[in-house]
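Asks: Dropping the sequence and predicted coords here.
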Amino acid sequence: MSALTDLFAALVGLMTPGMIFHAAWATLLGIVIGSLPGLTATMGVALMTTLTYSLDSTAAILVLICMYVGAIYGGSRSAILLNIPGTPASAATSLDGYPLAKEGRAGYAMGLATAGSMLGTLVGIVLLVMIAPPLAEAALNFGSFEFFWLAVFGVVISGQLTADSTPVKGYIAGILGLMVAMVGSEGIHAHVRFNFGLSDMNAGIGLIPAMVGAFGFAEVLNAMWGRAGILATAKDKSDRIIPELIDLWRYKVTIVRSGVIGTLVGIIPGVGEDIGAWASYVAARRTSKEADRFGKGSHEGLTAAETGNSAVVPGSLIPAITLAVPGSASSAVLIAALFIHGIRPGPLIMIEQPQFISSVAAMLILATLFMGFYGLTLTRAFVQVLRVPYAYLMPVVFVLCVIGTYALSQRIFDIWVMIAFGLVGFVLRQMKYPMAPLVLGIILGDLLDKSLRRGLTLSDGDLTPFFTRPVSLAFVVLIAVSILANFSFVRRKVSGLLRRKKEERDA
Amino acid sequence: MNMTLADRLTAIAFAALGLAMAVGGYTMDRLEIRRIHPASIPGLVPMILGVLLVICAIVLWREARAANAGDAAIFTDGSWTRLGLTAAATLIYAIVLVGWLPFIWSTGIFVFSFATIFSWPEGAGRGAQAKAIGGALLLAVATGWGTSLLFRDVFLVRLP
């Protein structure tokens, strides 16, 4: 009950003209950015972080959250109209959204996507309010040993689940991120590592320049390298845009299930919205009575994908706020932004700023309301946005990458970092290396390094506590299982064992 | 280039990087003079990461060798010309122009060049070409002036 009261109070607190104005423009900009193929939610949040330095902390966080929610939702526009997901999160949306658009029902598909996204975010918000406070309290008991394994778990699981072809590429991306975090002054003895004689590197590689490079400049290169899509249909024959309530009621189980799956995927460190959408989509297809319609314009499939990806947003904020471990790449940028604005995410958040979780939930509700409003009223206007040519869009994006990166510390060196990460990010992406573990590695590197060395100092060099404390042991088992599951001989052995057990039982 | 070859080449690069990191961690100052606990030496985690990267590189090499002959080609689904022009324009702007010319000018020149190159109507009439130049000029002025105003006067940033 107290959580609800806090949430209501936070929502009332946000109802000032200034905050409503910020939420309105940031959500709209987020939808526009998300709807443009080549501009991702992470890029939007990273660029927006550089534009919100001068705002007060509540307004800045509201803007970033609205941008995040808007961009994840906005990706559905181009997924439906162009068959090109505006952001990777909308890849599953295009499977059923595009066929609907080709049938001339793009308006209705977008309306359904809007309703799915709104409901998904709302399910995620409920779970955020329910899960985050006890998680933060439980994390108060975490010591160096647990935080070390938490960081390892984050990088391993993110590498495992985001890799396209082979998990080893995900692990490599994670290790590269951790290596980047090793550059500069370390957190225990302030010894400067791997600065190669450059004083600019003494403070380490900044997360924001790295993220803007990997998600901004790399996307510019990617967009100019690839080919643009073709609009699905010139004429929209949808008789209505607002989804029929009967449609939504029919899929109530799908909506709740996808919302829960999306939120849980969001909680897993560094996994992100695309996996949330795919997991929800696959679960919906498996249980659907109209499974054969999936991929051919199924309303249920579209709803599941959009509910799933939107629910990841609040889900990813759960570990980000309570453990300072990002649930997605965009929430990694949010963590950096929180630090910039003087908010320290982590287990102490419930002691230092007990109202913060309610404030974030209230911000998400505000963003959801604006998302619904724009989604249902500006459906046809967004088609025009998709016609902006890359020749005009990309130079402006790159200028923002450059000046945004520079503005943080006013160092030309940060621009070079951004460029380097952009070039490396582009090449790695072409070779199917996921970017999320890289980012997670950069953000978790410091925690991993300090926790391991602090833990070893506390135990006088003894490794036993890393494996015997209950939470540590649970993490070790999870990590071992996820790594071992990659090896085919382990999978063969386990399935053979299970088959033998079944045969014995049958006999 | 196909993915197998690309994976093998990167496996070698990653193995070298991992080795360098491990050696760098091993030879790093152990701060004995400050009498720190030997388990908290700054080079510990870099050493571990270096070794792990070498292991991953070996696995990557083995998986590349095991890949079948029909594996996908990479760097083939786009335009090298567009990529080269984009890389050249962005790098010249970010590395040379920014810091050398006032920000408003460097940005204006970059945006104008980029937009003109990529929106140039090849083989079209003079009218279409003039329209492309006009559009690029308008965008260049708006972006250069707009970003300068925003960052200098609103965010109080000392522009490069």
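Replies: Thanks, I have the structure now. Numbers count the residues shown, from 1 in each chain, chains lettered A, B, ... in the order given.

Asks: got the contact list for A:A480?
Replies: With contacts taken as C-beta atoms under 8 Å, 6 or more residues apart in numbering or on different chains, A:A480 has no neighbouring residues. To be clear about C-beta, it is placed using only N, CA and C from the backbone, and glycine gets the same treatment.

Asks: after the lowest-mean-pLDDT helix or strand in chain A comes which helix or strand?
Replies: The helix or strand of chain A with the poorest confidence is helix A:381-385; it has a mean of 71 (mean pLDDT, DSSP states H and E). Following helix A:381-385 in sequence order, the next helix or strand is helix A:390-409 (DSSP states H and E).

Asks: Show me what that next one is packed against.
Replies: helix A:41-51, helix A:207-211, helix A:218-225, helix A:412-430, helix B:80-91, helix B:103-119, helix B:126-148 (3 or more C-beta pairs under 8 Å, 6 or more residues apart in numbering or on different chains; DSSP states H and E).

Asks: The residue nearest to B:R82 when sequence neighbours are not counted: what's it in contact with?
Replies: For B:R82, ignoring the flanking residues on the chain, the nearest one in space by C-beta to C-beta, 6 or more residues apart in numbering or on different chains is A:M224 at 5.0 Å. Residues near A:M224 by C-beta under 8 Å, 6+ apart: A:390, A:394, B:82-83, B:85-86, B:118.

Asks: ok, now with 7 Å
Replies: By C-beta atoms under 7 Å, 6 or more residues apart in numbering or on different chains, A:M224 lies in contact with A:390, A:394, B:82-83, B:86.

Asks: What ranges in chain B fall below the confidence cut-off?
Replies: B:65-71 (pLDDT under 70).

Asks: A:I261 against A:S280, yeah?
Replies: Yes. Here A:I261 reaches A:S280: they are 4.7 Å apart, a contact under C-beta atoms under 7 Å.

Asks: Next up, phi/psi of the most centrally placed residue in chain A, please.
Replies: Per C-alpha atoms, centre = their mean, the C-alpha nearest to the average position across chain A is that of A:S328, at 3.0 Å. As for A:S328, its main-chain torsions (degrees, to the nearest 10) stand at phi -150, psi 170.

Asks: more neighbours, A:I261 and A:S280?
Replies: A:S280 (33 against 28; other C-beta atoms under 10 Å in any protein chain shown).

Asks: show me what contacts the more buried one?
Replies: A:258, A:261-262, A:304-305, A:307-308.

Asks: Looking at those residues, spot the one nearest A:A91.
Replies: A:A305 (8.4 Å; C-beta to C-beta).

Asks: so how far is chain A from the residue lying farthest from the centre of chain B?
Replies: Each residue of chain B has a distance to the centre, and by C-alpha atoms, centre = their mean the biggest one is for B:R35: 41.0 Å. Distance, B:R35 to chain A, by C-beta to the nearest C-beta, to the nearest Å: 11 Å.

Asks: Can you read off the backbone torsions of that residue?
Replies: The phi/psi pair for B:R35 (degrees, to the nearest 10) is phi 50, psi 50.

Asks: burial measure for the spatially closest residue to A:I31 that is not a sequence neighbour, as a count.
Replies: With sequence-adjacent residues excluded and distances taken as C-beta to C-beta, 6+ apart, A:I31 is closest to A:G74, at 3.7 Å. A count of nearby residues for A:G74, using other C-beta under 10 Å, gives 34.

Asks: Quick one: work out the angle between the helix or strand A:G74 falls within and helix A:41-51.
Replies: Here A:G74 is covered by helix A:57-82, with elements defined by DSSP H and E. Helix A:57-82 and helix A:41-51 meet at an angle of 150 degrees, taking axes from the mean of the first three to the mean of the last three C-alpha atoms, to 10 degrees as the criterion.

Asks: for the record, mean pLDDT for helix A:57-82?
Replies: Mean pLDDT, computed over helix A:57-82, is 90.
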